[in-house]
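Novice: A predicted structure for the sequence below; I have some questions about it.
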Amino acid sequence: MTAATTSKHEEILIRLRDLENQCIRRNQHTESMFLNEEEQAAARTMFPESALIRYDGGYEGAQKKKVIFLTDEEDDFSDIVCIASEADQRFRTIEHRDVLGALMHLQIDRHSFGDFWVTDDHIYIYTSSAMARFLTDNLTRISRLNVSFEVIAEHPVQTFQYRKFQAVIASSRLDAVVAALAHISRGKAKEMIREGLVQIDHVTLVEPDEVCNNNCTVSIRGTGRFIYAGVVHKTRKDRIVAEFWQYI
């Protein structure tokens with residue numbers, strides 16, 4: 001992790017430490033705002049998941065999650081709810097960026113809501129119960145489409161699509177993997193890594209000799225996000241044929 005990245009997350013780590021202390025001092029559960037995957041990776045270095053520390057985004061596999069500090073192992077507290085609105089997209093297509101724009105127009109912090117997505121006929125947003133009341137009252141229009149949100153009992157799961165493919169790489173070193181995925185030289189791949197443009201499992205790395213393990217997530221700015229599924233076989237010249245899954 002780079003010094004700049006560490007500095008960027010210092011405020012979050014300090015806030016989490018304060019929440020943990022509050023939980024202990026008051027003997028009452030406390031929770032953070034929603035953290036993105038990079039922020040969660042930083043948080044887990046100091047606050048690993050345990051019986052008294054839970055990472056929760058409202059559903060299994062959520063990308064944005066809260067850190068919840070619990071008073072005992074039986075405490076199942078969570079204030080995360082899902083709000084939903086029907087969305088008739090026959091005449092006006094709503095995209096992810098449209099929903100984000102509408103949320104930002106309400107001048108709320110990005111950490112106030114979790115994952116959100118659009119299907120053919122619905123819009124789903126995960127948030128806290130307190131913020132849900134504000135959104136159901138005020139989020140009434142998205143990109144010229146009238147919407148009406150309400151809290152739903154279900155916790156729907158966002159599904160992702162992947163493109164599977166194979167690529168020949170010199171080794172499982174990060175620079176070799178980035179070079180293959182971004183279709184650049186290994187020299188250029190090393191530059192990108194040292195400039196902080198590459199992450200493994202949402203952690204920014206600066207050393208190109210890091211080894212990619214099976215099922216790790218490799219994010220390359222300007223190229224995309226991939227899962228390194230592992231080695232399929234080796235060529236006659238002892239190069240690796242690896243399988244990747246690309247988020248689409």
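Specialist: That came through fine.
Novice: tell me the mean pLDDT for the longest strand seen in the chain?
Specialist: Ranked by residue count, the top strand of the chain under DSSP state E comes out as strand 224-234. For strand 224-234, mean pLDDT rounds to 94.
Novice: quick one, the next helix or strand after that strand and strand 224-234 angle?
Specialist: For strand 224-234, the succeeding helix or strand toward the C-terminus, using DSSP states H and E, is strand 240-247. Interaxial angle, strand 240-247 versus strand 224-234 (axes from the mean of the first three to the mean of the last three Cα atoms, to 10 degrees): 150 degrees.
Novice: neighbouring strands of strand 240-247 in the sheet, and parallel or not?
Specialist: Within its sheet, and counting by DSSP bridges, strand 240-247 is paired with strand 162-169 (antiparallel), strand 224-234 (antiparallel).
Novice: which residue packs closest to Gly230, ignoring adjacent ones?
Specialist: Asn214 (4.1 Å; Cβ to Cβ, 6 or more residues apart in numbering). Bear in mind the C-beta positions are built from the backbone N, C-alpha and C, glycine included.
Novice: and the one you found, how many neighbours?
Specialist: 12 (other Cβ atoms under 10 Å).
Novice: which residues touch it?
Specialist: Tyr228, Ala229, Gly230 (Cβ atoms under 8 Å, 6 or more residues apart in numbering).
Novice: relative to Phe160, how far out is it?
Specialist: Applying Cβ to Cβ, to the nearest Å, one obtains 19 Å for the distance of Asn214 from Phe160.
Novice: distance from stretch 138-147 to the middle of the chain?
Specialist: Stretch 138-147 sits 25 Å away from the centroid of its parent chain (Cα atoms, centre = their mean, to the nearest Å).
Novice: same thing with stretch 218-232?
Specialist: 15 Å.
Novice: show residues contacting it.
Specialist: For stretch 218-232, using Cβ under 8 Å, 6+ apart, the contacting residues are 162, 164, 166, 172, 174, 177-178, 181-182, 192, 197-200, 202, 212-217, 240-247.
Novice: now do the SS call for Val81.
Specialist: Of the three states, Val81 takes strand under DSSP: H, G, I helix; E, B strand; the rest coil.
Novice: same check on Glu38?
Specialist: helix.
Novice: quick one: contacts for it?
Specialist: Contacts of Glu38 by Cβ under 8 Å, 6+ apart are Thr5, His9, Gln199, His202, Val203, Thr204.
Novice: any idea how far it is from Ile220?
Specialist: Glu38 sits at a distance of 14 Å from Ile220 (criterion: Cβ to Cβ).
Novice: related to what we said a few turns ago, top of the contacts of Asn214 by number of neighbours, please.
Specialist: Tyr228 (23 neighbours).
Novice: which strand residues bridge that one?
Specialist: Cys216, Phe244.
Novice: and the gap between it and Glu210?
Specialist: The value you get for Tyr228 to Glu210, if Cβ to Cβ is used, is 12 Å.
Novice: again with Thr71
Specialist: 38 Å.
Novice: check Leu70 too.
Specialist: Separation of Leu70 from Glu210 (Cβ to Cβ): 34 Å.
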